[in-house]
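> missing the sequence, but the structure's below:
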């Protein structure tokens, strides 16, 4: 049953949590826009595609922001209780630390369960759609935009230069167009005093209407010069249009696959490894290569002098020299073939084991980051009560330090697990384990009121003196 102290804590938590969550999401979003703005600006992308990209990218930002917001909100709320001596009043009323914190722990556990589902289902799908959309954006070439005094070469086999463009009417002056459709040796040059530009077929085609100009073209044996009062010059720009790829045709990686799909794939690869090993064991059953057999050269008669005599090999007993030579060379070739099959199987197993480790790392990572919501509450609550003076700067510094330590440990464990130095489970859960051990120490420190007594080493020194 909730006491009035529990209700007070639960009322205090939502405001700082959602406030810090919104602030962190804003910071991460601004970082994303600053980093990728050069890839988005100047390509004539539809506004809907840019908004869609931002929405998809919010998923991985939420994965980082939620645990961090839990940590900061916990430090803020329990830091206020410690600074205002409210926790001292609660203890005098008989409320222990666990009795005060368990409702918040339950909320954190529910939040961790929700983030588990989010990381396992929604995040991979969002990462996949983001990947496909980024591929389409990077393949999109800049739109047809002419700038005064700058050669435009966005259209294949054409180069266009405009000296001046009137901003109000769009009328262009002193236009020069180099046409390379017949090859660089037969370049055509078009000059015009003025001109206008229009788009056709929904933007897939551009038409330039040129006025008072000349066309110069070098033929195989003649030179052409044609004057015109009005000439319409058009070309297709389909390759400049933004097109979307069908997401169902894309390939998925460990970061774009759902957890259930990765588990099935890992089970399939483990079964494949077992099949390869069984086939290898079956093919090598009963095979006992001779200790002194030479496998250095195939079918060479240079080693006939090294052939064992009939008394040392049972298989060669009673055979002539030619028959012994034939048996020896056949056995050597069979041994090499068997060794090649073993090496191929080893390489196949090694590749599949590396892929299994990579997928298992991603599986454990999704769960460990979600559980971090609960771990951060367990470490933030006693740490907040232990702070004598809780300020925004101190709370932010402590939370940043804890989160940086957690994230560096997580990334370091991921790298070691990917390279096979440690099991994936250990690499992805070591950060939670270390943080949880620190949380248990802080909980014991606050529950036993160790801050009101002398440190353990001081008490030990006093006991020795006595």
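Yep, that arrived. All of these numbers come straight from a predicted model, not from anything done at the bench.
> off-centre distance for the helix ranked longest in the chain?
Across the chain, the longest stretch assigned as helix under DSSP state H is helix 321-386. From the chain centre to the centre of helix 321-386 is a distance of 21 Å (Cα atoms, centre = their mean, to the nearest Å).
> off-centre distance for the following helix or strand past that helix?
Next along the chain after helix 321-386, taking DSSP states H and E as the criterion, comes helix 392-418. Average the C-alpha atoms of helix 392-418, do the same for its chain, and the two points are 18 Å apart (Cα atoms, centre = their mean).
> buried ones in helix 392-418?
Buried residues in helix 392-418, counting neighbours by 16 or more other Cβ atoms under 10 Å, are found at 395, 398-399, 402-403, 406-407, 409-410, 413-414, 416-418. Where C-beta positions appear, they are placed from N, C-alpha and C, glycine not excepted.
> over to stretch 326-334?
Going by neighbour count (16+ other Cβ under 10 Å), the buried part of stretch 326-334 is 328-329, 331-332.
> quick check: the farthest pair among the residues you listed?
Pairwise distances across the buried residues of stretch 326-334 peak at 7.4 Å for 329 and 331 (criterion: Cβ to Cβ).
> next one: residue 215 from residue 417, what distance?
Separation of residue 215 from residue 417 (Cβ to Cβ, to the nearest Å): 67 Å.
> try residue 117
To residue 417, residue 117 is 24 Å away according to Cβ to Cβ.
> how about residue 83?
41 Å.
> where do the helices of the stretch 101-250 of the chain begin and end?
Ranges of helices in the stretch 101-250 of the chain, per DSSP state H, counting those that start in this stretch, are 123-139.
> could you list the low-pLDDT ranges of it?
Along the stretch 101-250 of the chain, segments meeting pLDDT under 70 span 138-145, 154, 199-204, 236-250.
> just the strands in it please.
Secondary structure of the stretch 101-250 of the chain by DSSP state E, counting those that start in this stretch: the strands cover 158-165, 172-179, 188-200, 205-218, 223-236.
> pick the most buried one from those strands.
Mean neighbour count (mean count of other Cβ atoms under 10 Å) peaks for strand 172-179 among those, with a mean of 18.
> count of neighbours near residue 157?
When neighbours are defined as other Cβ atoms under 10 Å, residue 157 has 14 of them.
> now do it against residue 205, distance only.
From residue 157 to residue 205 the distance is 16 Å (Cβ to Cβ).
> mind checking pLDDT for residue 418?
Per-residue confidence for residue 418 comes out at a pLDDT of 84.
> wait, it touches residue 357, no?
Yes. Residue 418 lies in contact with residue 357 (Cβ atoms under 8 Å); the separation is 6.5 Å.
> that older thread, now the strands of the stretch 101-250 of the chain as a markdown table including distance to residue 435?
Formatted as a markdown table, the strands of the stretch 101-250 of the chain follow (distance: least, Cβ to Cβ, whole Å):
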| stretch | distance to residue 435 |
| --- | --- |
| strand 158-165 | 60 |
| strand 172-179 | 65 |
| strand 188-200 | 58 |
| strand 205-218 | 60 |
| strand 223-236 | 59 |
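> so which of these is nearest residue 107?
strand 188-200 (56.2 Å).
> and the closest one with strand 205-218, angle?
Interaxial angle of strand 188-200 relative to strand 205-218 (axes from the mean of the first three to the mean of the last three Cα atoms, to 10 degrees): 170 degrees.
> strand 188-200 packs against which elements?
Packing partners of strand 188-200 (3 or more Cβ pairs under 8 Å, 6 or more residues apart in numbering; DSSP states H and E): strand 172-179, strand 205-218, strand 223-236.
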